[in-house]
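S.K.: One predicted model, sequence on top.
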Amino acid sequence: MEVKRNILLNPGPSTTTDTVKMAQIVPDICPREKEFGGIMKPMRDDLVKIVHGDPEEYTAVLFCGSGTICIDITLNSLLDEGKTAVVIQNGSYSQRACEVIRAYGMPLVEIVQPIDKAVDLEYVESKLKEIPNIGYVYMTHHETGTGLLNPIREVGALAHKYGAFFITDTTSSYAMIPIDVKRDNIDFCMASAQKGIMGMTGLSYVIGRRDIIAKSKDFPTRSYYCNLFLQYDYFEKTGEMHFTPPVQTIYAAKQALVEYFEEGEENKWARHLRVMKAIHDGEDRLGLQEALSRDVQSGLVSAIKYPDDPNWDFDKVHDYCYERGFTIYPGKIESKGTFRLCALGAIDSGDIEDFWVVFEEAMKANNIAVPAVYN
Ligand SMILES: *Cc1c(COP(=O)(O)O)cnc(C)c1O
């Protein structure tokens, strides 16, 4: 079967290989069969291996849902009674974390930082010093809305210094930027199959410390469906998900993991960086300006400012590119018009070179000046 290859430059779901797409086509199976459990056990081990966790110390707990389910689960499950949640707030995903904490009515202190600059570690520490009974410190590793990369290793060390767990949302960096849970001071991280491993949507995972999960059994149970200990415990006892798993997505993830380890951590990260270099080269050629300076970028997302051109129309440019197999994505910076180009997925620099040819045509077809004009 031939499937049209689209180049997705949105921040996930990402372009997948045909072998991953086809891995979903399997004979019907009841996920309560041993055969299916036999797929999930090694998958959990592989997910820990990607972030170099010791399997005795760290585990992966699978959930059926989009990436936000892991934000919800870690935040609501890992806060003990009488403790305060602390969020380093510098982008739309850490803002989402704050919304989750508020929705559960849990005590929250936000440490607000600019969305387009490196986190000020001295300021963070001065704030942490003042907050009594911190349960956990939470930070997004890669703020996908802007492309800002956050210093998890340093903030993780600060969290530990002040007696707290460190939880980081690595949804848009996991299996792309090399991560080592020990070295990076991570107690919990998370991701989703449609991003770094280049699988399908519907499967998400929390990777974290077994001892803390065991301890969280005695923390308040704030959700029935989204509880980390309940799902972990069920997996440990039965090898299965508590409720129906996303069966076909798990078959795709199994194949995606085979391809991840075949490509290798270093090679894969080098490929993403090569893709981002091709993105940057095209921006420079067409005079497009970015919202963030390159030294604070993740290497995975570029947020481009709308040109100050009366003919600029994101939707028209989007539609022109979309019709030709390239998907570009709106930005997430409230005060400024931006759009994003992302280096996720099974793509390489050649795809980006092809994209820029189409993008330049889209500008010309809409009478947008090339190079782009900014006031
Ligand atoms: C994609 C993403 C998520 C999850 O978003 P969903 O739409 O729920 O899949 C969470 N955090 C970050 C940083 C992301 O990039």
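M.R.: Cool, got the structure. Numbering: from 1, shown residues only.

S.K.: now for stretch 47-66, what's the gap between its first and last residues?
M.R.: End-to-end distance for stretch 47-66: 17 Å, by CA to CA, to the nearest Å.

S.K.: scratch that, stretch 199-219
M.R.: Length of stretch 199-219, first residue to last, CA to CA: 33 Å.

S.K.: Over to stretch 185-204?
M.R.: Span of stretch 185-204 from end to end, CA to CA: 22 Å.

S.K.: cool, stretch 49-63 as well?
M.R.: Counting by CA to CA, you get 18 Å between the two ends of stretch 49-63.

S.K.: ok, residues contacting it?
M.R.: With contact meaning CB atoms under 8 Å, 6 or more residues apart in numbering, stretch 49-63 is reached by 40, 43-45, 47-48, 69-70, 73, 170, 174-175, 179-183, 186, 189, 197, 203-211, 213, 226, 228, 231-232, 235, 241, 245, 260, 265. C-beta here means a position set from N, CA and C on the backbone, and glycine is covered the same way.

S.K.: ok, of these, which come out buried?
M.R.: Among the contacts of stretch 49-63, those classed as buried by 16 or more other CB atoms under 10 Å are 40, 43-44, 47-48, 69-70, 73, 170, 174-175, 179, 181, 186, 189, 197, 203-210, 213, 226, 228, 231-232, 235, 241, 245, 260, 265.

S.K.: Where do the helices of this protein begin and end?
M.R.: Using DSSP state H, the helices assigned to the chain run over residues 18-22, 34-50, 68-77, 92-103, 121-130, 152-161, 210-215, 228-238, 247-263, 265-286, 314-323, 349-365.

S.K.: report the angle between the axes of the fourth one and helix 68-77?
M.R.: Between the axis of helix 92-103 and that of helix 68-77 there is an angle of 50 degrees, by axes from the mean of the first three to the mean of the last three CA atoms, to 10 degrees.

S.K.: Does at least one residue of helix 92-103 sit close to the ligand?
M.R.: Yes - applying CB under 6 Å from any ligand atom, one finds helix 92-103 in contact with the ligand at Y93.

S.K.: Identify each buried residue in that helix, please.
M.R.: Using 16+ other CB under 10 Å as the test for burial, helix 92-103 gives 92-98, 100-101.

S.K.: And these, which is closest to the ligand?
M.R.: In terms of CB to the nearest ligand atom, no member of these lies closer to the ligand than Y93, at 4.0 Å.

S.K.: quick one: contacts for the closest one?
M.R.: Here Y93 is in contact with 71, 140, 143-145, 169, 171 (CB under 8 Å, 6+ apart).

S.K.: so what's the closest residue to N227 other than its chain neighbours up against?
M.R.: Nearest non-adjacent residue to N227, counting by CB to CB, 6 or more residues apart in numbering: S77, 5.3 Å away. With contact taken as CB under 8 Å, 6+ apart, S77 is in contact with 216, 219, 222-223, 226-229.

S.K.: can you count the residues close to V317?
M.R.: Number of residues near V317 (other CB atoms under 10 Å) recorded here: 20.

S.K.: Likewise for V87?
M.R.: V87, neighbours per other CB under 10 Å, totals 24.

S.K.: Please name the bridge partners of the residue of the stretch 251-375 of the chain found nearest the ligand.
M.R.: Closest residue of the stretch 251-375 of the chain to the ligand, CB to the nearest ligand atom: V301 (8.6 Å). When bridges are called by DSSP bridges, V301 pairs up with C342.

S.K.: which residues sit in contact with it?
M.R.: Shown in contact with V301 (CB under 8 Å, 6+ apart): 11, 142, 144, 146-147, 172, 340-343.

S.K.: The nearest residue to R285 once chain neighbours are set aside: what's it in contact with?
M.R.: Of all residues not flanking R285 in the chain, W356 sits nearest, at 7.2 Å (CB to CB, 6+ apart). Listed by CB under 8 Å, 6+ apart, the contact set of W356 reads 278, 282, 285-286.

S.K.: ok, 10 Å please
M.R.: Residues counted as contacts of W356 (CB atoms under 10 Å, 6 or more residues apart in numbering) are 278-279, 281-283, 285-286, 288, 326, 341.

S.K.: cool, and G38?
M.R.: By CB under 10 Å, 6+ apart, the neighbours of G38 are G239.

S.K.: Give me every residue in the stretch 101-250 of the chain that's in contact range of the ligand.
M.R.: So far as CB under 6 Å from any ligand atom goes, the stretch 101-250 of the chain lies against the ligand at 140, 144, 169, 171-172, 192.

S.K.: Could you dump the residues you listed into TSV with pLDDT and neighbour count added?
M.R.: Formatted as TSV, those follow (pLDDT from 0 to 100; neighbours: other CB atoms under 10 Å):
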residue	pLDDT	neighbour count
T140	98	29
T144	96	29
D169	98	30
T171	98	27
S172	98	27
S192	98	25
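
S.K.: which one of the residues you listed is nearest A365?
M.R.: T144 (29.3 Å; CB to CB).

S.K.: Does that closest one touch S172 like I think?
M.R.: Yes - shown here, T144 and S172 form a contact pair, counting by CB atoms under 10 Å, at 4.2 Å.

S.K.: Overlap in contacts, those two.
M.R.: Listed as contacting both T144 and S172 by CB under 10 Å, 6+ apart are 11-12, 67, 93, 195, 298, 300-301, 342, 344.

S.K.: Farthest pair within those residues?
M.R.: The largest separation in the shared contacts of T144 and S172, counting by CB to CB, is between G67 and S298 at 16.0 Å.

S.K.: roughly how far is the worst-scoring helix or strand of the chain on mean pLDDT from the heart of the chain?
M.R.: One helix or strand of the chain scores below all others by mean pLDDT, DSSP states H and E: strand 329-330, with a mean of 92. Centroid separation for strand 329-330 versus its chain: 16 Å, with CA atoms, centre = their mean, to the nearest Å.
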